[in-house]
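Asker: coords please:
(chains A and B)
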Amino acid sequence: MVVKIYGFPISTCTRLVELICKEKEIPYELVDVDFRKGEHTSSAFKEHQPFGQVPYIDDDGFILYESRAICRYLIKKYPSQGTLGLIPTDLQAKALFEQASSIEITNFDNFAGPLVVEKFFNPPTKPGLLNTLQLLNAKMDAYEVILGKQKYLAGETLTLADLQHLPLGRLLCTAGLADVFSSRPNVARWWNELTNRPAWNTMKVGA
Amino acid sequence: MVLQLYGFPTSTCTLRVAVVLKEKNVPFEFHMVDLTKGEHKAPAFVANQPFGQVPYIDDDGLILYESRAICRHIATKYASQGTALIPTDPKAYALFEQAASIETSNFDPFASGLAWELRFCMWFGGQTDEARAKTLRTSLAGKLDAYEVILGRQKYLAGNEVTLADLFHLPYGAIILDIGIDEFSSRPNVKRWWDAVTSRPTWQAVKDGIA
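Answerer: I've put the predicted structure just below:
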């Protein structure tokens, strides 16, 4: 049975899972959850995802949510197909991957997320958001240092940690904040390479 | 070489690593990084941790930062000693990853945000943003309603065994309680779980700071 992803097209977390399916050549079916009708908050939905969030997957009866957990599960399940090495197995390389994956959550998503929400859902700019952008820029200065020493966030090979940045990073660009990437040579190099990946480019632009 | 832990004695993320080192019976040497003197922003420190944050470890030459990554590394490297903290069965492992992600996305932003607004920001000359604190608390309460459902079906966040995912909650959960934000006690399953995790001798040994 083909893995079913329950989500909606504009959701960055749904897109991350789709991206990994494409990178790993895993056939999937995207089941649309009606965001506008609040389907994700219904009790039927919350049976599977108690936080009322997308996505979750149904992999032949196995229900799993949290997009990064889903990605890790799928990558582990299909180690030999599609893009290899997205999660290293060598102890040290794995540790550096975990470091990079955590960097994405605490030092990127934490700041980029609110900025994007503000841009697309709350037109007037709140004062606090200037501070958030400053904080994000400070974090990207650290990315610039890291990516000056190595090709990718976890080392010399691409991992899930790099790909984790794509959906939200793309929205940052759409929100007019592309210069967090483009103004820093090493970050720009890394970002350009990520955004040129064929799997990413086969995904339809979100609504 | 004994593992070297660089952090601040009471820093939440430093304690997160300390509790896991204790669970896995891994000896370590603690080096205090004086945050009050800005030592974490000094060039020598930033050379090892480019974000200027604590903690980081030096594990026989492997420099590693991000507390949850450090914890995962210790739990994996020392899988055969101490408490088993990451399941190996594929589905149990996936449910562990789900639980670990729940902590970072559905607990930490709200708990750490509350800790900032109601305690830490004052240390840096700031003022509590009461509106933000109120919103954070309401959001946290909503998230813990979902925890209440999950923990009504199973003992811990990933299943019936304790994992890293449960331990990851300890430092910020303890701080918000200390501040007077108690969203645990009114939820019987959450309270049961919280009492079980906090009563572990390893947490009791480090919760007031690392010597």
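Asker: now that B:Ile150 has come up, it's in contact with A:Phe51, right?
Answerer: No. At 9.3 Å, B:Ile150 does not count as touching A:Phe51 under the criterion of C-beta atoms under 8 Å. Using the backbone N, CA and C atoms, a C-beta is placed for each residue, glycine as well.
Asker: name the nearest residue to B:Gln154, sequence neighbours excluded.
Answerer: Nearest non-adjacent residue to B:Gln154, counting by C-beta to C-beta, 6 or more residues apart in numbering or on different chains: B:Asn160, 5.5 Å away.
Asker: just name the shakiest helix or strand of chain A by mean pLDDT.
Answerer: Within chain A, confidence by mean pLDDT, DSSP states H and E is lowest for helix A:110-121 among all helices and strands, at a mean of 88.
Asker: can I get that one as PDB, trimmed to CA atoms?
Answerer: Extracted C-alpha coordinates of helix A:110-121, given in PDB (Å, rounded to 0.1, in the frame of the first residue of the first chain):
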ATOM      1  CA  ASN A 110      12.400  29.300  15.500                       C
ATOM      2  CA  PHE A 111      13.000  32.700  13.900                       C
ATOM      3  CA  ALA A 112      12.100  32.200  10.300                       C
ATOM      4  CA  GLY A 113       8.700  30.700  11.200                       C
ATOM      5  CA  PRO A 114       7.300  33.800  13.100                       C
ATOM      6  CA  LEU A 115       8.600  36.100  10.300                       C
ATOM      7  CA  VAL A 116       6.800  34.100   7.600                       C
ATOM      8  CA  VAL A 117       3.600  33.900   9.700                       C
ATOM      9  CA  GLU A 118       3.700  37.700  10.200                       C
ATOM     10  CA  LYS A 119       4.300  38.400   6.500                       C
ATOM     11  CA  PHE A 120       1.500  36.200   5.200                       C
ATOM     12  CA  PHE A 121      -1.100  36.500   7.900                       C
END
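Asker: packing partners of that helix?
Answerer: Contact here means 3 or more C-beta pairs under 8 Å, 6 or more residues apart in numbering or on different chains; DSSP states H and E; on that basis helix A:110-121 packs against helix A:127-149, helix A:166-174.
Asker: out of these, nearest to B:Glu23?
Answerer: Among the helices and strands packed on helix A:110-121, the nearest to B:Glu23 by C-beta to C-beta is helix A:127-149 (29.7 Å).
Asker: wait, a strand at the residue nearest to B:Gln154?
Answerer: No. Counting by DSSP: H, G, I helix; E, B strand; the rest coil, B:Asn160 is located in no strand; its state is coil.
Asker: thought it was touching B:Arg153?
Answerer: No. Checked against C-beta under 8 Å, the pair B:Asn160 and B:Arg153 is beyond contact range at 9.7 Å.
Asker: tell me the contacts of the residue positioned nearest the centre of chain A?
Answerer: Nearest to the geometric centre of chain A sits A:Gln164, at 3.3 Å (C-alpha atoms, centre = their mean). When contacts are counted by C-beta atoms under 8 Å, 6 or more residues apart in numbering or on different chains, A:Gln164 is found next to A:16, A:68, A:71, A:101, A:104-105, A:109.
Asker: with A:Gly82 instead?
Answerer: Taking C-beta under 8 Å, 6+ apart as the definition of contact, the neighbours of A:Gly82 are A:23-26.
Asker: which of the residues you listed fall in helices?
Answerer: Counted as lying in helices by DSSP state H, out of the contacts of A:Gly82, are A:Glu23.
Asker: out of the contacts of A:Gly82, who's the most crowded?
Answerer: With neighbours defined as other C-beta atoms under 10 Å in any protein chain shown, the most crowded of the contacts of A:Gly82 is A:Glu23; it has 23 neighbours.
Asker: what's the closest non-adjacent residue to B:Arg192?
Answerer: Leaving aside its chain neighbours, B:Arg192 sits nearest to B:Leu151 (7.2 Å; criterion: C-beta to C-beta, 6+ apart).
Asker: er, B:Arg16 actually
Answerer: When the adjacent residues along the chain are set aside, B:Arg16 lies closest to B:Ser67, with 4.4 Å between them (C-beta to C-beta, 6+ apart).
Asker: where does chain A dip in pLDDT?
Answerer: In the prediction, chain A carries residues with pLDDT under 70 at positions A:123-129, A:204-207.
Asker: in it, which spans are helices?
Answerer: Assigned by DSSP H, the helices in chain A fall at A:12-23, A:43-48, A:67-77, A:91-103, A:110-121, A:127-149, A:160-163, A:166-174, A:179-182, A:185-195, A:198-201.
Asker: now for these, which one comes closest to A:Tyr6?
Answerer: Nearest to A:Tyr6 among these is helix A:43-48 (7.4 Å), distances taken as C-beta to C-beta.
Asker: check the offset of the helix or strand of chain B with the lowest mean pLDDT from the chain's centre.
Answerer: When each helix and strand of chain B is scored by mean pLDDT, DSSP H and E, helix B:121-123 comes last, with a mean of 90. For helix B:121-123, the distance from its own C-alpha centre to the chain's C-alpha centre is 21 Å (C-alpha atoms, centre = their mean, to the nearest Å).
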